[in-house]
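**Student:** Sequence first, predicted model second:
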Protein chains: 2
Amino acid sequence: MEVKLPTFNSVFSIDCVIFGFEAGELKILLIERNEEPFKDWLALPGYIVEQDESIDDAAERILYELTGLRDLHMQQFHTFGEVNRHPQGRVITVAYYALIRINGQKEVKPVTQYAKTAFWHPVNELPKLAFDHSEIFETGFNKIRRRLNYQPIAFELLPEKFTLTQLQSLYEAVLNKKLDKRNFRKKMLSYGFLKELDEKQKGVSYRAAKLYKFDRRKYTKIFQNDLNLDK
Amino acid sequence: MEVKLPTFNSVFSIDCVIFGFEAGELKILLIERNEEPFKDWLALPGYIVEQDESIDDAAERILYELTGLRDLHMQQFHTFGEVNRHPQGRVITVAYYALIRINGQKEVKPVTQYAKTAFWHPVNELPKLAFDHSEIFETGFNKIRRRLNYQPIAFELLPEKFTLTQLQSLYEAVLNKKLDKRNFRKKMLSYGFLKELDEKQKGVSYRAAKLYKFDRRKYTKIFQNDLNLDK
DNA sequence: ATATAGTGTGTCAAATTTACACCATTAAAT
DNA sequence: ATTTAATGGTGTAAATTTGACACACTATAT
């Protein structure tokens, strides 16, 4: 009655494109591989999915092992399944992205032997990466560029409290173009999901800017309408 | 030197959500399964990827075997990787969609034993499907709904020559809302990628409508600008 | 006090979107 | 020949959104 599934020497893996924003620059996390193939190459954090874990769980685990980062909201964006993308066999990889606040203090450091180091690298001037990771990165970057306009991804990259100028400079980094300050502010504030705080920027040697918070509650309300009713 | 990949009893599969448009209704292709598990259930066309074929190639092959359809432009949209989504083992499935002109004459008929029949079914009132196929369908439907606005997917569903009313009714079916006739026409024509033909609809018992063609050349030009320069 | 660096603000023109109704054409029915 | 039924095809005005554009204010450092 039961038909057995064929046994293949096939493996699923996960690769992660983790974006961060620091000093006005968009960056991603890279690791230095400590294993063949592509030993010593730079690569996206990625590894093999276990038999008994879902790909979403695997994405979280693998990212943790290679970078020490936990509890990111990982989002699948594409699956790469060319026959020869891995030199040692058939490996299909599901690519995820995540967005993270880079804190100066929070160190990224591999927990396993598979990676020697993990570090942030600006998305401009990326070096050649192992496997097809350059292509995976490009695909992921295009996705978030698109999604920036209809998903609240910007706020995951910024600190909880941020200035409008910081927000704008993030948009400019992702979209790779200059935006008009007055129009940008007008529009962002018009959405109504930014909460102005009674607090100002500190530690700057010029007029301190107002701080804002992202109000996810309100955002969700607006966004749901957009999805369900579409006006 | 070479590290061997682990051997898992893991399998990749492909599942297809094939959209068609007929009689003003949006439909998808379903098959009736002829194999355990879920024998006799309705399901999306789907099967297992071979060792030596890319997932894109597999998608085309599998669709052909299960429905007799060839040369569709299949587009990957999501990968489903829950541990227990397949009762017999670990199967990760990459889901694809495609859009097709339903021709009365072009029959859909399985070429293999795995499916008993293949047929079109309206997307409204879909029955319960095998595995997690209902979820896969929903995800795919949401994708094309989104993409309708910035990809030329409508024209793959219509005959080569179509009327503006047909185009509008397709938009209405996908977006599930009424559109204003005058505004819709004005906007569509303003893009400049519709070519008006010297031909009219035939066989209707009322005033025949002008026929149009989609001009992919022009569309591409417009679309490229949108992507690269973003105005 | 003054130099510096970034903050915060308004208006007008242009473009886009929305709402809205009726006559024209054709084939079929009478 | 006339009528009926069904859909085709068209324009305008108001509202909204977008885009371009420049300068005075404020906090700090020297």
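**Tutor:** That came through fine. Numbering: from 1, shown residues only, chains lettered A, B, ... in the order given.
**Student:** What segments of chain A are helices?
**Tutor:** Assigned by DSSP state H, chain A shows helices spanning A:55-67, A:133-147, A:154-157, A:164-175, A:181-191, A:216-228.
**Student:** Quick check: chain neighbours aside, which residue is closest to the residue most central in space within chain A?
**Tutor:** Most central in chain A under C-alpha atoms, centre = their mean is A:Ala98, positioned 2.8 Å from the mean C-alpha point. Distances taken as C-beta to C-beta, 6 or more residues apart in numbering or on different chains put A:Leu72 closest to A:Ala98, at 4.1 Å, once the chain neighbours are dropped. No exception for glycine: its C-beta is placed from N, CA and C like everyone else's.
**Student:** looking at the helices of chain A, which is closest to chain B?
**Tutor:** Closest of the helices of chain A to chain B is helix A:55-67, at 3.2 Å (criterion: C-beta to the nearest C-beta).
**Student:** who touches that closest one?
**Tutor:** Residues outside helix A:55-67 that contact it (C-beta atoms under 8 Å, 6 or more residues apart in numbering or on different chains) are A:12, A:14, A:16, A:18, A:29, A:31, A:45-47, A:49-50, A:53, A:69-72, A:74, A:76, A:94, A:96, A:98, A:108-112, A:114-115, A:118, B:79, B:81, B:92.
**Student:** Among the residues you listed, which lie within strands?
**Tutor:** A:12, A:14, A:16, A:18, A:29, A:31, A:46-47, A:76, A:94, A:96, A:98, A:115, A:118, B:79, B:92 (DSSP state E).
**Student:** need the residues of chain A near DNA strand C, please.
**Tutor:** A:163-165, A:181-183, A:185-186, A:204-210, A:231 (C-beta under 7 Å from any atom of the strand).
**Student:** Among those residues, which ones lie close to chain B?
**Tutor:** Applying C-beta under 8 Å from any C-beta of the partner chain to those, one finds that nothing falls near chain B.
**Student:** out of those residues, who's nearest A:Ala173?
**Tutor:** A:Thr165 (12.5 Å; C-beta to C-beta).
**Student:** Report how many residues lie close to the closest one.
**Tutor:** A:Thr165 has 14 neighbouring residues, counting by other C-beta atoms under 10 Å in any protein chain shown.
**Student:** can you tell me which residues contact it?
**Tutor:** Listed by C-beta under 8 Å, 6+ apart, the contact set of A:Thr165 reads A:181, A:209.
**Student:** let's go with 7 Å and repeat that
**Tutor:** By C-beta atoms under 7 Å, 6 or more residues apart in numbering or on different chains, A:Thr165 lies in contact with A:Ala209.
**Student:** And it, how close does it get to A:Tyr191?
**Tutor:** According to C-beta to C-beta, to the nearest Å, A:Thr165 stands 17 Å off from A:Tyr191.
**Student:** Spit out the contact partners of A:Ala115.
**Tutor:** Applying C-beta under 7 Å, 6+ apart to A:Ala115 gives the contacts A:31-34, A:66.
**Student:** count of residues packed around the spatially closest residue to A:Ser13 that is not a sequence neighbour?
**Tutor:** Residue nearest to A:Ser13 in three dimensions, not counting chain neighbours: A:Thr93, with 4.4 Å by C-beta to C-beta, 6+ apart. A total of 27 residues lie near A:Thr93 under the criterion other C-beta under 10 Å.
**Student:** same thing with A:Phe131?
**Tutor:** Counted with other C-beta under 10 Å, residues neighbouring A:Phe131 total 22.
**Student:** now swap in A:Phe155 and tell me
**Tutor:** The burial count assigned to A:Phe155 is 22, neighbours taken as other C-beta under 10 Å.
**Student:** In contact with it: list those residues for me.
**Tutor:** When contacts are counted by C-beta under 7 Å, 6+ apart, A:Phe155 touches A:Phe214.
**Student:** how near is it to A:Trp120?
**Tutor:** A:Phe155 is 19 Å from A:Trp120, by C-beta to C-beta.
**Student:** Which residues of chain A lie near DNA strand D?
**Tutor:** Neighbours of DNA strand D within chain A, by C-beta under 7 Å from any atom of the strand: A:180-183, A:186-187, A:204-208.
**Student:** again, only this time at 10 Å
**Tutor:** A:178-187, A:190-191, A:200-209, A:231 (C-beta under 10 Å from any atom of the strand).
**Student:** now the residues you listed: which count as buried?
**Tutor:** Buried residues within those, counting neighbours by 16 or more other C-beta atoms under 10 Å in any protein chain shown: A:184-185, A:201.
**Student:** Is it possible to get CSV of those that adds pLDDT?
**Tutor:** Below are those laid out as CSV (pLDDT from 0 to 100):
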residue, pLDDT
A:Phe184, 98
A:Arg185, 98
A:Gln201, 93
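**Student:** For DNA strand C, state which of those residues is nearest.
**Tutor:** Proximity of these to DNA strand C was ranked by C-beta to the nearest atom of the strand; the top entry is A:Arg185 with 5.2 Å.
**Student:** list the contacts for that closest one?
**Tutor:** A:Leu164.
**Student:** buried subset of the contacts of helix A:55-67?
**Tutor:** Burial by neighbour count, 16+ other C-beta under 10 Å: within these this picks out A:12, A:14, A:16, A:18, A:29, A:31, A:45-47, A:49-50, A:53, A:69, A:72, A:74, A:76, A:94, A:96, A:98, A:108, A:110, A:114-115, A:118, B:79, B:81, B:92.
**Student:** chain center to stretch A:126-134: distance?
**Tutor:** 16 Å (C-alpha atoms, centre = their mean, to the nearest Å).
**Student:** buried sites along it?
**Tutor:** By 16+ other C-beta under 10 Å, the buried positions in stretch A:126-134 come out as A:126, A:129-133.
**Student:** CSV please, covering those and showing pLDDT and distance to A:Gln224.
**Tutor:** Putting these into CSV (pLDDT from 0 to 100; distance: C-beta to C-beta, whole Å) gives the following:
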residue, pLDDT, distance to A:Gln224
A:Leu126, 97, 37
A:Leu129, 98, 38
A:Ala130, 97, 41
A:Phe131, 98, 39
A:Asp132, 98, 37
A:His133, 98, 36
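**Student:** Name the nearest of these relative to A:Lys195.
**Tutor:** Nearest to A:Lys195, judged by C-beta to C-beta, of the buried residues of stretch A:126-134 is A:Leu126 at 35.5 Å.
**Student:** dump the residue contacts of the closest one.
**Tutor:** Shown in contact with A:Leu126 (C-beta under 7 Å, 6+ apart): A:Phe137.
**Student:** Would you check that A:Ala173 makes contact with A:Lys27?
**Tutor:** No: counting by C-beta atoms under 7 Å, A:Lys27 is not a contact partner of A:Ala173; they are 9.5 Å apart.
**Student:** gap between the two ends of stretch A:70-84?
**Tutor:** Counting by C-alpha to C-alpha, to the nearest Å, you get 31 Å between the two ends of stretch A:70-84.
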